[in-house]
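Engineer: How does the following fold in three dimensions:
(one chain, ligands or ions: 1)
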Amino acid sequence: MPRITWRHRDDTFLDTRVPLMVLTGYLGAGKTTLITNLVNAASPLKSTEQRRLAIIVNELSELDVDAVNIAAASAHSGAPSSDLQQITAGCVCCTQRGGFEKAIRDVVSSDDGPTPRYIVVETSGASDPAPLIASLATSPAVRSLVELDVVVAMLDAGAADDESVCKSVSFQSQLARADVVLMSKCDVTTEEQQRRTRNLAEKYAPQARLLRCDHGRVPLAALFASSPQDNNNNNDDDDDDNDDGFIAAPTLTPTPMMALHHLQQDRLATTTFQSESCMNLALFLYTLRWLLRESGMEVLRAKGFVRVESGIRLSIQVVGARVRFAKHEATEDCTTRLVFIGAALRCDELVGKLNACVDDGGNANGMATAVQLAHCRLDADARFVVAPLAGDGVRLRLSGHLRPLGNLPPDVVAAANDALAERVGVTDGVYLCPVDDGWMLLIPNALPEGVDACAALSRVAADVLMSMMDRVEL
Ligand SMILES: Nc1nc2c(ncn2[C@@H]2O[C@H](COP(=O)(O)OP(=O)(O)OP(=O)(O)O)[C@@H](O)[C@H]2O)c(=O)[nH]1
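Structural biologist: Sure thing, here's the model as predicted:
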């Protein structure tokens with residue numbers, strides 16, 4: 001590769017520049033997951049007077065979901081808040097270069113503590129990192145403060161299966177510039193998928209070391225060209241050292257690819273959704289399924305948080321067709337914040353559908369209204385099979401994509417029934433029962449006045465879905 005240049009190491013010269021890792025990798029490959037692990041790995045040494053690790057996160061959209069997750073890890077590790085800089089609403093390689101220089105200055109010369117010993121820059125998944133890498137050498141302001149240590153590219157082990165990802169200019173450039181490629185998600189891919197993705201890495205990143213990375217866990221020594229413990233870059237064991245006391249550093253020669261705007265090349269767009277209100281989880285799941293399977297929009301990545309009930313916030317990660325929910329520990333900010341990145345996005349339509357998922361908290365008085373609402377809000381979207389039960393109120397069966405939840409373990413059923421009984425204020429009768437192709441929720445007729453049966457259904461459905469989160473497949 002023509003990207004290696006040589007820099008003489010003079011041991012008598014104390015280089016005060018901070019070593020910096022460019023962490024690249026396609027949308028959803030696992031960059032933020034790696035960083036949260038790095039932050040935690042760095043935390044035991046936080047007690048020394050030296051700050052160790054600073055993170056600069058670049059996000060394409062104006063909502064920085066990654067920063068929220070990393071900030072949570074930083075707070076956990078006791079890192080000062082200035083250790084985390086966010087550059088949102090643009091990509092550092094195109095529209096946000098000024099933002100990058102400022103972030104570097106802020107991180108290196110923060111009043112909040114000593115200079116960090118190492119900086120990690122997470123580029124947005126849609127970025128071509130080449131211009132950023134170039135600016136590390138060509139921008140005098142940046143060059144005087146930091147020194148590129150290593151370029152790490154995360155690679156989803158299932159990437160080879162996704163034609164649009166493989167064709168992406170950014171994806172190819174990310175690999176082409178990597179010193180280390182970390183293959184993530186080996187736990188959820190077959191050996192055959194991994195073999196094909198390894199071939200891809202060998203094709204686009206023949207220069208790089210390929211390592212497996214399990215949920216962001218990787219031997220740190222394999223990752224850093226210079227150790228964050230050693231600010232002098234005295235890494236004598238580095239494989240790239242040659243006999244003359246020279247160390248390898250990436251060449252920063254611009255390539256023709258840099259001149260092109262990669263986002264346009266990849267036809268990527270981004271849109272966001274924010275709401276202070278709770279979302280109806282069932283409706284949200286339905287909308288998500290529509291978005292991923294039926295809408296014709298090519299969503300490559302979605303991430304963020306969904307507030308489903310006061311105090312309950314789910315984090316959601318969508319990478320291609322893979323959807324993952326997790327309970328997000330309550331933070332002060334409990335809003336729904338979602339970012340969607342993809343091609344052929346019809347943003348207004350998507351936002352309209354998401355707005356329709358906002359739980360209006362309507363309170364039904366009496367079963368007639370409850371049944372009516374149940375029909376309107378649940379049956380209409382075909383997720384529930386609604387059957388009126390003489391004397392028993394309404395019977396609902398989950399259908400379609402929620403059917404896999406039919407096999408509910410007995411403890412989930414029991415907990416859901418307890419929760420429903422508590423919510424509707426009635427303690428006898430069976431409220432939730434699994435059936436062969438779904439499950440039913442029964443609302444008894446004799447509800448105390450003012451109980452919103454629909455809200456109760458929705459809440460219990462949320463409880464059940466949360467218990468079964470790892471099994472939700474859209
Ligand atoms: N099963 C599995 N999931 C992983 C692994 N690494 C990351 N993930 C999950 O993949 C999803 C995306 O991970 P992120 O770390 O947010 O990916 P990212 O590269 O920062 O994504 P962008 O910011 O969109 O570019 C999350 O749900 C992670 O928990 C892994 O090794 N195995």
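Engineer: Pull the contacting residues for Leu23.
Structural biologist: Leu23 makes contact with 31, 34-35, 120-123, 152, 154 under the criterion C-beta atoms under 8 Å, 6 or more residues apart in numbering. Yep, even glycine has a C-beta here, placed from its N, CA and C like the rest.
Engineer: Just grab the bridge partners of Thr271 for me.
Structural biologist: Beta-bridge partners for Thr271, by DSSP bridges, are Phe340.
Engineer: tally of neighbours for it?
Structural biologist: Neighbour count of Thr271, defined by other C-beta atoms under 10 Å: 20.
Engineer: Equivalent analysis for Arg143, please.
Structural biologist: Using other C-beta under 10 Å: Arg143 sits among 16 other residues.
Engineer: Not counting its neighbours along the chain, what's nearest it?
Structural biologist: Ala137 (6.2 Å; C-beta to C-beta, 6 or more residues apart in numbering).
Engineer: Give me the phi and psi angles of that neighbour.
Structural biologist: Main-chain dihedrals, Ala137, degrees, to the nearest 10: phi -100, psi -30.
Engineer: Quick check, it in contact with Val146.
Structural biologist: No. Ala137 is beyond contact range of Val146, at 10.6 Å (criterion: C-beta atoms under 8 Å).
Engineer: Near the ligand, list only the ones from the contacts of Leu23.
Structural biologist: Checking the contacts of Leu23 against the ligand by C-beta under 6 Å from any ligand atom, the ones in range are 31, 154.
Engineer: want to throw the contacts of Leu23 into a markdown table with secondary structure and neighbour count?
Structural biologist: What follows is those, written out as a markdown table (DSSP: H, G, I helix; E, B strand; the rest coil; neighbours: other C-beta atoms under 10 Å):
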| residue | secondary structure | neighbour count |
| --- | --- | --- |
| Lys31 | helix | 26 |
| Leu34 | helix | 24 |
| Ile35 | helix | 24 |
| Val120 | strand | 27 |
| Val121 | strand | 28 |
| Glu122 | strand | 28 |
| Thr123 | coil | 29 |
| Val152 | strand | 28 |
| Met154 | strand | 29 |
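Engineer: from the contacts of Leu23, which is closest to the ligand?
Structural biologist: Closest to the ligand out of the contacts of Leu23 is Lys31 (3.6 Å), distances taken as C-beta to the nearest ligand atom.
Engineer: show me what contacts that closest one?
Structural biologist: Contacts of Lys31 by C-beta under 8 Å, 6+ apart are 23-25, 66, 122-123, 125, 154.
Engineer: One more pass at 6 Å, please.
Structural biologist: 23, 25, 122, 154 (C-beta atoms under 6 Å, 6 or more residues apart in numbering).
Engineer: Next, count neighbours for the closest residue to the ligand within the chain.
Structural biologist: Across the chain, no residue is closer to the ligand than Gly125, which sits at 2.6 Å (C-beta to the nearest ligand atom). Using other C-beta under 10 Å, Gly125 has 30 neighbouring residues.
Engineer: Equivalent analysis for His328, please.
Structural biologist: 19.
Engineer: Same check on Asp149?
Structural biologist: Asp149 - counted by other C-beta under 10 Å - has 26 other residues nearby.
Engineer: buried stuff in the strand or helix carrying Asn417?
Structural biologist: Secondary structure from DSSP states H and E places Asn417 in helix 410-424. Of all the residues in helix 410-424, those buried under the rule 16 or more other C-beta atoms under 10 Å are 412-413, 415-417, 419-421, 423-424.
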